[in-house]
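Enquirer: Prediction below, plus the sequence it came from.
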Amino acid sequence: MSPTTLRASDRPILSAIERLLVAGVGVTARALNETSQAAELTLAQWRVLAIAAGTDGVRIGELARRLGVGVPSASRLVRRLERHGLATAERDELDRRATIVRASSAGRVVREAVMRRRRELIESALDGALADSTAETVPALERIADAVSTFS
């Protein structure tokens with residue numbers, strides 16, 4: 001849905017989604033700060049770790065595309081994670097020109113700890129907020145999540 005196809009009746013939904021996404025960044029930042037193993041990670045480094053740990057390896061070019069940055073910037077983020085022992089970068093055996101980024105076992109542990117803390121914060125915030133939700137709530141939220149997942 002582009003701004004030109006947005007109906008006036010959709011504007012409150014768009015506003016609520018924007019607020020939810022901004023809050024999601026805040027929840028993630030707080031979870032990073034409250035998770036001792038991740039307290040020094042920036043949001044950008046967290047995104048690299050989350051993407052790498054969610055795959056069996058991602059090419060640096062694909063990582064850069066998903067982050068919305070250039071390959072040199074993505075490479076710098078990966079090097080910082082490597083220094084923390086949270087990720088590895090290796091030449092792709094099938095295409096020696098490419099680099100594959102993977103979360104290390106320590107990186108996967110950190111990712112799970114942050115995700116767990118983030119879920120705790122969300123559950124705490126939602127306590128009682130979903131009492132009047134309907135059977136359509138979950139499918140509608142899943143459609144919204146699918147639509148914006150192109151940015152993750």
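Expert: It's in.
Enquirer: Once you drop chain neighbours, what's closest to residue 118?
Expert: residue 31 (4.0 Å; Cβ to Cβ, 6 or more residues apart in numbering). For glycine as for every other residue, the C-beta is placed from the backbone atoms N, C-alpha and C.
Enquirer: Just the residues contacting the helix or strand hosting the one you found, thanks.
Expert: Following DSSP states H and E, one finds residue 31 within helix 11-34. Contacts with helix 11-34, where a contact means Cβ atoms under 8 Å, 6 or more residues apart in numbering, come from 6, 38-39, 41, 43, 46, 114-115, 117-118, 121-122, 125, 144, 148.
Enquirer: Apply 7 Å and report the result again.
Expert: Residues outside helix 11-34 that contact it (Cβ atoms under 7 Å, 6 or more residues apart in numbering) are 6, 38-39, 41, 43, 46, 114, 117-118, 121-122, 144.
Enquirer: Does anything pack onto the helix or strand following it? Which helices or strands?
Expert: Moving toward the C-terminus from helix 11-34, the next helix or strand (DSSP H and E) is helix 43-53. The contact analysis (3 or more Cβ pairs under 7 Å, 6 or more residues apart in numbering; DSSP states H and E) places helix 43-53 against helix 11-34, helix 60-67, helix 71-83, strand 87-91, strand 99-103, helix 105-126.
Enquirer: which stretch among those comes nearest residue 139?
Expert: Distance to residue 139, taken as Cβ to Cβ, is lowest for helix 11-34 among the helices and strands packed on helix 43-53, at 14.8 Å.
Enquirer: Buried residues, the closest one. List them.
Expert: In terms of neighbour count (16 or more other Cβ atoms under 10 Å), helix 11-34 has its buried residues at 27-28, 31-32.
Enquirer: That one versus helix 105-126: what angle between them?
Expert: For helix 11-34 against helix 105-126, the angle by axes from the mean of the first three to the mean of the last three Cα atoms, to 10 degrees is 130 degrees.
Enquirer: Just give the nearest non-adjacent residue to the residue nearest the centre of the chain, would you?
Expert: By Cα atoms, centre = their mean, the chain has its centre lying nearest to residue 47, at 5.0 Å. With Cβ to Cβ, 6+ apart as the criterion, residue 47 has its nearest non-adjacent residue at 6.0 Å, and that residue is residue 67.
Enquirer: any idea how far residue 57 is from that neighbour?
Expert: 16 Å (Cβ to Cβ, to the nearest Å).
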